[in-house]
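Student: Fold the following and give me the result.
(one chain, ligands or ions: 1)
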Amino acid sequence: MPLTEGPAPEKCVNTLKDEMDSSEDKECTQEHRNGPEAKVADAVAISSAASNAQEPKFYGKAQKYWSGVPATVNGMLGGMGYISATDIQGSNNFLREIRVPGNKLALDCGAGIGRITRHLLIPRFHCVDLVEQDPAFANKAREYCTTENTPVGSLGEIYNVGLQKFTPTKKYDLIWSQWVLGHLTELDLIDFFRRIRQGLAPGAFFVLKENVTKSKEIIVDDEDSSVTRPLEHYDISLKAAGFRIVRKVRQQNFPKDLYPVYMIACKPLSSA
Ligand SMILES: C[S@@+](CC[C@H](N)C(=O)[O-])C[C@H]1O[C@@H](n2cnc3c(N)ncnc32)[C@H](O)[C@@H]1O
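Tutor: Modelled structure (predicted):
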């Protein structure tokens, strides 16, 4: 997951918006006649076809990439460990603003060694579960998140599995996902959002924090097998998965050459 905007992107694919615009020019299908939500779903299906055809390779390559990264904060942040404190401070401010009602159980998705679990979530929740695909990071998280100052039981379950296969079996007060969603294909992203929605306790939030492109294009990184999406892409995908966006804030005080980083808090459409 590159934090910086590199030189020329290796590959770009059209954004959802572009797909939606162009689909309007085409002859109307039955789905198109069923209103904007069907249109979004349709556009997602169109834009997903290419990436999902490559799915096993896409996930396998990312696994291989992360297995060669040191299990340290620096490794998690692509050599920019020095931004961790600013990142956590921005996330703390964001959580204060949205006022998460419960404080029992949180989930950290794509947790790596548990940087966010340890510095952001354990101080706020009685117990934190995490999901991480890399076995060495998952093991390291056990040690990194269990310090002598951490109350016993703060670290809950560690699910060593890819988010594309993960389904929550508990109800969480907060589900946090950071710098990992670029590793999911378009269809898996929406499916993941749908499953996560089912794992939220009443009044709970799902928060994502991700790099976004300044252009309307999706930028593909072949080295770590990830994509960086435009902000609007996340908005559309969350809505397609049945979420409403409650708050959206750009992280401040990051070095200028990084991609813009946004935090988006959302709740299921049907909840208060
Ligand atoms: C940039 S690191 C971020 C780690 C952590 N979220 C943080 O901010 O410190 C990306 C993490 O996502 C994990 N990851 C990559 N693909 C994943 C997938 N499909 N499912 C779950 N985790 C994944 C990597 O193993 C790595 O730990």
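
Student: okay, CA-based contacts and neighbour counts for the rest of this
Tutor: OK.

Student: quick one: the closest residue to the ligand within the stretch 151-272 of the chain from P70, how far?
Tutor: Relative to the ligand, the nearest point of the stretch 151-272 of the chain is G162 (3.3 Å; CA to the nearest ligand atom). Shown here: G162 relative to P70, a distance of 19 Å by CA to CA, to the nearest Å.

Student: What of I219?
Tutor: Going from I219 to P70 by CA to CA gives 25 Å.

Student: Just list the residues touching the residue nearest the centre of the chain, thanks.
Tutor: In the chain, the C-alpha nearest the mean C-alpha coordinate belongs to L181, at 3.7 Å (CA atoms, centre = their mean). Counting by CA atoms under 8 Å, 6 or more residues apart in numbering, L181 makes contact with L189, E210.

Student: in the sheet, who's paired with V128?
Tutor: Following DSSP bridges, V128 is listed with bridge partners A106, L155.

Student: That one touches L105, doesn't it?
Tutor: Yes. The criterion here is CA atoms under 8 Å, and V128 meets it with L105 at 5.7 Å.

Student: what about these two, which has more around it?
Tutor: Each of V128 and L105 has its neighbours counted (other CA atoms under 10 Å); V128 has more, 27 against 23.

Student: mind checking pLDDT for the more buried one?
Tutor: On pLDDT, V128 comes in at 98.

Student: So it versus M80, what's the distance?
Tutor: 25 Å.

Student: go on, G114?
Tutor: For G114 relative to M80 (CA to CA), the value is 16 Å.

Student: try Y259
Tutor: Distance, Y259 to M80, by CA to CA: 13 Å.

Student: Ramachandran angles for the closest residue to A111 other than its chain neighbours?
Tutor: Nearest residue to A111, sequence neighbours excluded (CA to CA, 6 or more residues apart in numbering): E132, at 5.4 Å. Main-chain torsions, E132, degrees, to the nearest 10: phi -150, psi 130.

Student: ok, stretch 90-99 near the ligand or not?
Tutor: No. Judged by CA under 6 Å from any ligand atom, stretch 90-99 stays clear of the ligand, getting no closer than 10.9 Å.

Student: at contact distance from the ligand, anything in stretch 134-153?
Tutor: Yes. Stretch 134-153 reaches the ligand (CA under 6 Å from any ligand atom) through D134.

Student: For that stretch, buried residues please.
Tutor: D134, A136, F137, A138, N139, A141, R142, Y144, C145, T146 (16 or more other CA atoms under 10 Å).

Student: ditto for stretch 121-130
Tutor: By neighbour count on 16+ other CA under 10 Å, the buried set for stretch 121-130 is L121, I122, R124, F125, H126, C127, V128, D129, L130.
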